[in-house]
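Colleague: predicted model follows, preceded by the sequence.
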Amino acid sequence: MDGLHSPGALDSPDALVRLALSGDEAAFARIVRLHREAMVRVAFVVTGDARRAVDAVAATWPIAWSRLGRIRDASRLGPWLCTVAAEEAGRVARSRSRLPADARIAGLVDGAAPAGAGPSDAGSTLAGALAELRPEDRALLALRYVAGLTPAELGRAAGMPAAAVADRTRELAERVQGGEDLGERLRAYADVPVPPVDIDAVARGAAVVRHDHRVRIVSLAIAIVVAIVVVAVPYLGDRGAAPVTVPGATPSPAPTTETATPSPTPGD
């Protein structure tokens, strides 16, 4: 194993991001290995279902790889990945909320504890309180208290001022937990078992989807250019048929039509 791919080098967020942006699957696999569990726990708070949280994170990887170039500070790679996971988990939760009531698990809209997890009474109460919130509000709480994002980071993710995000977070915490320490309880609630996966296979799959996405973008760009050319060529041809004026030349006078003078009538 060379220096760039040694464990120490790949543990550096800067190196991980740089190598992954160059298409290095080993670097991206390391990203998956380091951050997958935290992402699943954030997604669990948003979806309320362990299996759907795992599925949401699985769908996140190609998206995350394609957006790696947007990271402003590689040292915050983990919180940034959790933000992308929360976004995908919110999509899953919104889709689930449109299902008929009898198709939902445990009778809670996006708030059921995972089967076999054996939540405590307190955990069930918290799950029910979270189920009353919108997916985006659950995502806000998960990112603040489970992923540890700062109000400024949350503000950038939500397109809101940091102060507004902080106020909204406090309001939601009061609704869910009252004056108790919501952060500690949310982290305990989100501490669900994360099933193992083939990390290398996840990285390979993300690379394939990422490549296909780029191909589609390039194909779309080519199609747009071709369409513009097809539309513009006839127009340019019409313009080419117009008279050409040579600089310095005296324009020819326009031909005039002479009107015949009527012959005088005899006797006038």
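Modeller: Thanks, I have it. Numbering: from 1, shown residues only.

Colleague: so what's the backbone phi/psi at residue 198?
Modeller: Here is the backbone geometry of residue 198 (degrees, to the nearest 10): phi -80, psi 100.

Colleague: equivalent analysis for residue 204, please.
Modeller: Torsion angles at residue 204 (phi, psi; degrees, to the nearest 10) stand at phi -60, psi -40.

Colleague: just the helices in the stretch 1-150 of the chain please.
Modeller: 7-10, 13-21, 25-47, 50-67, 77-97, 121-131, 135-141 (DSSP state H, counting those that start in this stretch).

Colleague: show me the helices in the stretch 151-268 of the chain, by range?
Modeller: 151-158, 162-177, 182-189, 199-240.

Colleague: just give me the lowest mean pLDDT stretch among those.
Modeller: Ranked by mean pLDDT, those bottom out at helix 199-240, which scores a mean of 68.

Colleague: ok, now which ones touch the nearest residue to residue 204 once chain neighbours are set aside?
Modeller: The shortest distance from residue 204 to any non-neighbouring residue, by Cβ to Cβ, 6 or more residues apart in numbering, is to residue 25 (6.2 Å). For glycine as for every other residue, the C-beta is placed from the backbone atoms N, C-alpha and C. By Cβ atoms under 8 Å, 6 or more residues apart in numbering, the residues touching residue 25 are 200, 203, 204, 207.

Colleague: only the buried subset of those residues, as a ChimeraX command please.
Modeller: Selection of the buried residues among those in ChimeraX, burial being defined by 16 or more other Cβ atoms under 10 Å:
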select :203,207
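
Colleague: give me the contacts around stretch 56-76.
Modeller: By Cβ under 8 Å, 6+ apart, the residues outside stretch 56-76 that reach it are 13-14, 16-17, 20-21, 28, 32, 36, 39-40, 43, 46-47, 77, 80-81, 84-85, 88-89, 91-92, 153, 197, 202-203, 205-207, 209-210, 213-214.

Colleague: which of those residues count as buried?
Modeller: Applying 16+ other Cβ under 10 Å to the contacts of stretch 56-76 flags 13, 16-17, 20, 28, 32, 36, 39-40, 43, 46-47, 77, 80-81, 84-85, 88-89, 92, 153, 202-203, 206-207, 209-210 as buried.

Colleague: picking that back up, and the residue nearest to residue 204, how far from residue 37?
Modeller: Distance, residue 25 to residue 37, by Cβ to Cβ, to the nearest Å: 20 Å.

Colleague: with residue 43 instead?
Modeller: From residue 43 to residue 37 the distance is 11 Å (Cβ to Cβ).

Colleague: swap in residue 12?
Modeller: From residue 12 to residue 37 the distance is 20 Å (Cβ to Cβ).

Colleague: cool, residue 22 as well?
Modeller: Taking Cβ to Cβ, one finds residue 22 at 26 Å from residue 37.

Colleague: who's more crowded, these two?
Modeller: Counted by other Cβ atoms under 10 Å, residue 22 and residue 37 do not tie: residue 37 has more neighbours, with 14 against 8.

Colleague: so the more buried one makes contact with residue 195?
Modeller: No - using Cβ atoms under 8 Å, residue 37 makes no contact with residue 195, being 10.4 Å away.

Colleague: name all residues that make contact with residue 146.
Modeller: By Cβ under 8 Å, 6+ apart, the contact list for residue 146 reads 38, 41, 42, 45, 82, 186, 187, 190.
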